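J.: Got a sequence here, can you model it:
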Amino acid sequence: EVQLVESGGGLVQPGGSLRLSCAASGFIFSNYGMSWVRQAPGKGLEWVSGITSGGSSTDYANSVKGRFTISRDNTKNTMYLQMNSLKPEDTARYYCKTVIVNLAYWGSGTLVTVSS
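T.: You can find the predicted model right below:
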C-alpha cells in the first residue's frame, strides 16, 4: 500500500523558515518523481515544486522560486521542502504527491501557518 506521510509544518513568523518532510512507503521510492502541492484556506490546489526520481532535476512555481528548495534522500525514502523567507501568503496545507501507473497518491498534508 502506497503511503505518504508529511511532517514539519507549524506556526512561523514572516521571514522564518521551516523544513517539511514526506516519508514514503509501499513503493520503490527511487523510481518515481515526487512533488509538493499546497492549498491555502479557501483556495484551490497549487503545485509548488517537483523533483525527478533521482533528484537531478527540480522545478518550482514562480511564487516560491528562490525561497524554497526541494530535495530527496532515496536511501531514506524521504522527500523534503526547505522553505525560507516565508510569507503570510505561504500559509497553506502542504501535500506530497506521486503518480504511479497514472494513479495519483497523496499524503494527508501538513499545515503551515505564517503569521506574526
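
J.: what residue lies at the spatial centre of this structure?
T.: For the chain, Trp36 is the residue whose C-alpha lies nearest the centre (C-alpha atoms, centre = their mean; 3.2 Å).

J.: Quick check: which element contains it?
T.: Using DSSP states H and E, Trp36 maps to strand 34-39.

J.: One more: Pro14?
T.: Residue-wise, Pro14 maps onto no helix or strand under DSSP H and E.

J.: pretty sure it contacts Val114?
T.: Yes - judged on C-beta atoms under 8 Å, Pro14 makes contact with Val114 at a distance of 5.8 Å. C-beta here means a position set from N, CA and C on the backbone, and glycine is covered the same way.

J.: Now do the shared contacts for these two.
T.: Common neighbours of Pro14 and Val114 (criterion: C-beta atoms under 8 Å, 6 or more residues apart in numbering): Leu86, Lys87, Pro88.

J.: ok but Glu89 is inside a strand, no?
T.: No - Glu89 is assigned helix when assessed by DSSP: H, G, I helix; E, B strand; the rest coil, not a strand.

J.: what separates it from Ala40, distance-wise?
T.: Look at Glu89 and Ala40: by C-beta to C-beta, to the nearest Å, they are 7 Å apart.

J.: what does Ser71 give?
T.: As judged by C-beta to C-beta, Ser71 and Ala40 stand 23 Å apart.

J.: before we move on, what about Lys87?
T.: Noted for Lys87: a distance of 11 Å to Ala40, by C-beta to C-beta.

J.: returning to what we had before: for Glu89 and Ala40, indicate the residue with more neighbours.
T.: Higher neighbour count among Glu89 and Ala40: Ala40, with 14 against 10, using other C-beta atoms under 10 Å.
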